[in-house]
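Undergrad: Quick check, what structure comes out for this input:
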Amino acid sequence: MQKHDGMRPSIRIALLLLLAFANASRADLTIKGVDGDVERNVRNYVSLASEPCDAEDWLVRRRYRAIEADTRKALEPFGYYEPVIQKSLEFTDKCWQATLDIDTGPPVILRDVNISVSAPPEDGADFSEFTKRTYLVTGKPLLHGQYETLKESLQIRAAERGYVEAEFTESVIDVWPDERAADINLQFFTGPRYDFGDISIEQDFLDPALARAYLDFETGTPFDSRELSDAYSDLSLSGYFSRIELSPLYSAAADGKIPVHVLLEPAARIEYTVGAGYSTDTGPRFRAGYHNRRVNEAGHRFSSDLTLSPVFQGLTSEYRKPLTDPRTEWQSYTGALTVEDTDTFSEETARIGLRRSKRIHPQWIRTLSLDASYDRYDVGEEGSERIYLTLPGIVFDHKRADREILPTRGRRLTLEMRGTSKILGSGTSFLQGIVTGRLVRTLPPKGRLIMRAVFGVTAKSEFDDLPPSVRFFAGGDQSIRGYGYQTLGPKDDQGNVVGGSNLLVASIEYERHVRGNWYGAVFVDAGNAFDALNVNAAVGVGFGVRWQSPVGPLRIYLAHPMNQSDRTIRVHVVLGSDL
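TA: As a prediction, this is how the structure comes out:
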């Protein structure tokens, strides 16, 4: 009969091996007198440092004899050419131990530095940002790494700008250890700047003129690889393509021109989307969508979205076609059927519209619009009303950020003007302006400041004739947290919120990184919808957490209303970008 101690043989062996490794002595090279990058370079350069405990004694001694020469070579890139090095080596029964004690001595100092970049007069090459800001100046210690970095930077800039024939005509460092001095002579000649050559686009699913419109560069213009990067970004954002390659053919460069080959493969044409979510403004919601990225070779698009929630139900559709510049110039035809039922109003709307967008400045997009809508609504004690509106409008939108998701520095400004008149067949006349601003700034070491403000003003003939869609309300996730969705604004004689002709809302939020994709935040929101100059600001304060999810930032806030008798803390769930 066999006896078992309750432990499998394989587990026992594994534990014994772990104990053996735990008790084993380790080879050790101790380095004194230097730290940081210098110590790391010495440790990486000294061959003895890589030998294990079980290395043969003769091999360890051979590596030890070379340790001083290795150390001197490791110190030279930092300008130390006359170090004093003391070393020792000991063997124990189980391993070896070595020590390096380094006195680097004073570094070699740059004495005569001659760095210049020359180019044909007609090219006007500018490399001054490298030559004027380099660390390599008279009186500074010699750092070989800085020298190599400068050379590499010049070569990269030359390649980016199309200086195919660029070369170093002189590249010399003379070191005089006895004088503790070094001289540098670095001469870089760019040669002629090449132009873009023939541009070939390989694709068969879009109108060639549409694909070509995404490229700002043309044959005969000066070569610049940044334009290739910009084109790649624009093509990626278009949604038309699944594979994009922009290849400058340097090997085929001739007669001062660099050909470029562009390969484009199509993305899936049809996309269906289904989703469910929750918002404190609308409650649980369901969404389904149909999107056709390429109705035809001209790049026209069609999309339709269905949204269902207790507060809002709607079906919207858009047919969109690109114009001269498909990145920023579009014309779209829209239609919508919506029903909205909030704590303050109910509204049913049928709308058709036309929009035309165009970039009028590198950072400004202008959108002209014309909508025709039929509204049936009920606000407070006003009773059920119906109205037809012909509504022209214009929007100017400016956005700048260092990155699209979680920007550390950015701003956005939107200016909107809309209005109508009975002359246009509308049931009322009014003119409305809305200014929206957002600002993001970094607060070291781990924080961000997020500010937003909205100001709206309406000039109207009869306020009671305005449907809720053009009145101002406040409160909710994107307005003043701590209050219900659109529950703030002027009231009628019975105390029902009926909305205002003006709006002023401001918010300031401090966010700090906690761990991983998690952030904490505190905030203050203030403002209201109002008539005349009677703002009667409502204030909401609170804190929250933010999770940077794969589909975008998700924020959950606990908000406390400061201006109402019911001080119940309200939960707000927000999904969307900061700008």
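
Undergrad: hey, which helix or strand in this protein has the poorest pLDDT?
TA: In the chain, no helix or strand scores lower on mean pLDDT, DSSP states H and E than helix 9-23, which sits at a mean of 43.

Undergrad: Any idea which residue is closest to the centre of this structure?
TA: Nearest to the geometric centre of the chain sits Arg403, at 2.1 Å (Cα atoms, centre = their mean).

Undergrad: Show the subsequent helix or strand relative to the least confident helix or strand of the chain.
TA: Sequence order places strand 28-32 as the next helix or strand after helix 9-23, per DSSP states H and E.

Undergrad: for that next one, packing partners?
TA: helix 36-45, strand 96-103 (3 or more Cβ pairs under 8 Å, 6 or more residues apart in numbering; DSSP states H and E). For the C-beta atoms, the positions are set from N, CA and C on the backbone; glycine is no exception.

Undergrad: Would you mind telling me which of these is nearest Arg161?
TA: Proximity to Arg161 (Cβ to Cβ) singles out helix 36-45 among those, at 31.5 Å.

Undergrad: What residues of the closest one count as buried?
TA: Using 16 or more other Cβ atoms under 10 Å as the burial criterion, the residues of helix 36-45 that qualify are 38-39, 41-43, 45.

Undergrad: Name the surrounding residues that touch the longest helix anywhere in the chain.
TA: Counting by DSSP state H, the longest helix found in the chain is helix 144-160. With contact meaning Cβ atoms under 8 Å, 6 or more residues apart in numbering, helix 144-160 is reached by 76-79, 115, 117, 127, 130, 134-136, 166, 168, 171, 173, 184, 186, 188, 190, 224-226.

Undergrad: Restricted to helices, list those.
TA: Using DSSP H, the contacts of helix 144-160 in helices are 130, 225-226.

Undergrad: For Ala211, which three-state class applies?
TA: Ala211 falls in the helix class when you classify it by DSSP: H, G, I helix; E, B strand; the rest coil.

Undergrad: if I read this right, it contacts Ile201, doesn't it?
TA: Yes. At 5.4 Å, Ala211 counts as touching Ile201 under the criterion of Cβ atoms under 8 Å.

Undergrad: Overlap in contacts, these two.
TA: Overlap of the contact sets of Ala211 and Ile201 (by Cβ under 8 Å, 6+ apart) consists of 262, 264.

Undergrad: who's more crowded, those two?
TA: Taking neighbours as other Cβ atoms under 10 Å, Ala211 and Ile201 compare with Ala211 leading, 21 against 16.

Undergrad: Identify the residues contacting the more buried one.
TA: So Ala211 contacts 201, 203, 262, 264 (Cβ under 8 Å, 6+ apart).

Undergrad: so how many other residues sit close to the residue lying closest to the last one once chain neighbours are set aside?
TA: Excluding the flanking residues, the one nearest Leu264 by Cβ to Cβ, 6 or more residues apart in numbering is Gln203, at 3.9 Å. Under the neighbour criterion other Cβ under 10 Å, Gln203 is assigned a count of 17.

Undergrad: domains for the chain, by residue range?
TA: Structurally, the chain divides into domains by automatic domain parsing as follows: 25-103, 109-189, 195-266, 270-575.

Undergrad: Take the ones you listed and write them to CSV, including mean pLDDT.
TA: Formatted as CSV, these follow (pLDDT from 0 to 100):
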stretch, mean pLDDT
domain 25-103, 90
domain 109-189, 89
domain 195-266, 94
domain 270-575, 91
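
Undergrad: tell me the strands in the stretch 351-500 of the chain, going along the chain?
TA: Secondary structure of the stretch 351-500 of the chain by DSSP state E, counting those that start in this stretch: the strands cover 364-379, 384-401, 410-420, 430-443, 447-460.

Undergrad: Pull out the buried positions in the fourth one.
TA: Which is strand 430-443. Residues of strand 430-443 classed as buried: 430, 432, 434, 436-440 (neighbour count, 16+ other Cβ under 10 Å).

Undergrad: same check, this time on the shortest one
TA: For strand 410-420, a neighbour-count test (16+ other Cβ under 10 Å) marks 410-416, 418-420 as buried.

Undergrad: Against which helices or strands is it packed?
TA: Under the contact rule (3+ Cβ pairs under 8 Å, 6+ apart), strand 410-420 is packed against strand 384-401, strand 430-443.

Undergrad: Tabulate those (TSV), appending distance to Ser153.
TA: Formatted as TSV, these follow (distance: least, Cβ to Cβ, whole Å):
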stretch	distance to Ser153
strand 384-401	27
strand 430-443	27
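
Undergrad: Of all these, which one is nearest Glu56?
TA: Taking Cβ to Cβ, strand 430-443 is the member of the helices and strands packed on strand 410-420 nearest to Glu56, at 55.8 Å.

Undergrad: what angle separates the closest one from strand 410-420?
TA: Relative orientation of strand 430-443 versus strand 410-420 (axes from the mean of the first three to the mean of the last three Cα atoms, to 10 degrees): 170 degrees.

Undergrad: now strand 430-443, how far from the centre of its chain.
TA: Put simply, strand 430-443 sits 20 Å off its chain's centre (Cα atoms, centre = their mean, to the nearest Å).

Undergrad: That strand - contacts with which helices or strands?
TA: Counting by 3+ Cβ pairs under 8 Å, 6+ apart, strand 430-443 packs on strand 410-420, strand 447-460.

Undergrad: just the CA coordinates of the longest helix of the chain, formatted as PDB?
TA: Only the C-alpha atoms of helix 144-160 are listed here, as PDB (Å, rounded to 0.1, in the frame of the first residue of the first chain):
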ATOM      1  CA  HIS A 144      27.800  62.700 -28.200                       C
ATOM      2  CA  GLY A 145      24.100  61.900 -27.900                       C
ATOM      3  CA  GLN A 146      23.200  65.500 -28.700                       C
ATOM      4  CA  TYR A 147      25.500  65.400 -31.700                       C
ATOM      5  CA  GLU A 148      23.800  62.300 -33.100                       C
ATOM      6  CA  THR A 149      20.400  63.600 -32.400                       C
ATOM      7  CA  LEU A 150      21.100  66.800 -34.300                       C
ATOM      8  CA  LYS A 151      22.400  64.800 -37.300                       C
ATOM      9  CA  GLU A 152      19.300  62.600 -37.300                       C
ATOM     10  CA  SER A 153      16.900  65.600 -37.000                       C
ATOM     11  CA  LEU A 154      18.500  67.300 -40.000                       C
ATOM     12  CA  GLN A 155      18.200  64.100 -42.100                       C
ATOM     13  CA  ILE A 156      14.600  63.600 -41.100                       C
ATOM     14  CA  ARG A 157      13.600  67.200 -41.800                       C
ATOM     15  CA  ALA A 158      15.400  67.000 -45.200                       C
ATOM     16  CA  ALA A 159      13.500  63.800 -46.100                       C
ATOM     17  CA  GLU A 160      10.200  65.300 -45.000                       C
END
